[in-house]
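Participant: Take this sequence and fold it.
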Amino acid sequence: MPTHHDDLELVIGDEWLILGKLLDEEGKPLDLSGGVECSWTLVGPTGHLVGLDLEATLEKQDGGIVRIVVPDTFTRWLLPGRYLDAIRVWVGDEPATQWTGTIIADANPFYSEVLA
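Facilitator: Residues are numbered from 1 along each chain as shown. I've put the predicted structure just below:
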């Protein structure tokens, strides 16, 4: 069962830094060492995946912490609205969605390239 994070409110055109804490079935921090693989995805307001394959980075850290960075060069092209994000973890051949929640992407009134 995935952990649901609190809603995040981020600004389009800014670099996004998202910190997450992944937990195991007992509510303890998930051990992300060894052969554990993680990926992060973002679903847009229309329900379609946002193409982040080469844009966002996900760094695994101690204590089940993950650090996700989405560069401003990518966020500047997003539309304002509600997005769903999720982290999937693979332990061996077993995938499981571990973490999910809502990101509210606000328009940036100081950035002229934002499409709205």
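Participant: right, and residue 20 touches residue 103 too?
Facilitator: No. Between residue 20 and residue 103 there is no contact under C-beta atoms under 8 Å: 11.7 Å. Every C-beta, even on glycine, is put in place using the N, C-alpha and C of the backbone.
Participant: For stretch 98-107, output the C-alpha coordinates as CSV.
Facilitator: Only the C-alpha atoms of stretch 98-107 are listed here, as CSV (Å, rounded to 0.1, in the frame of the first residue of the first chain):
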residue,chain,number,x,y,z
GLN,A,98,5.4,3.1,-2.6
TRP,A,99,4.6,6.8,-2.5
THR,A,100,2.0,9.0,-4.2
GLY,A,101,0.3,12.4,-3.8
THR,A,102,-0.8,15.7,-5.4
ILE,A,103,1.3,18.6,-6.6
ILE,A,104,-0.4,21.9,-7.2
ALA,A,105,1.5,23.7,-9.9
ASP,A,106,1.0,27.5,-9.6
ALA,A,107,1.6,29.9,-12.5
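Participant: and it, how far from the chain's centre?
Facilitator: 7 Å (C-alpha atoms, centre = their mean, to the nearest Å).
Participant: and that stretch, which residues are buried?
Facilitator: For stretch 98-107, the neighbour count (16 or more other C-beta atoms under 10 Å) marks 98, 99, 100, 101, 103, 105, 107 as buried.
Participant: mean confidence for that stretch?
Facilitator: When pLDDT is averaged along stretch 98-107, the result is 94.
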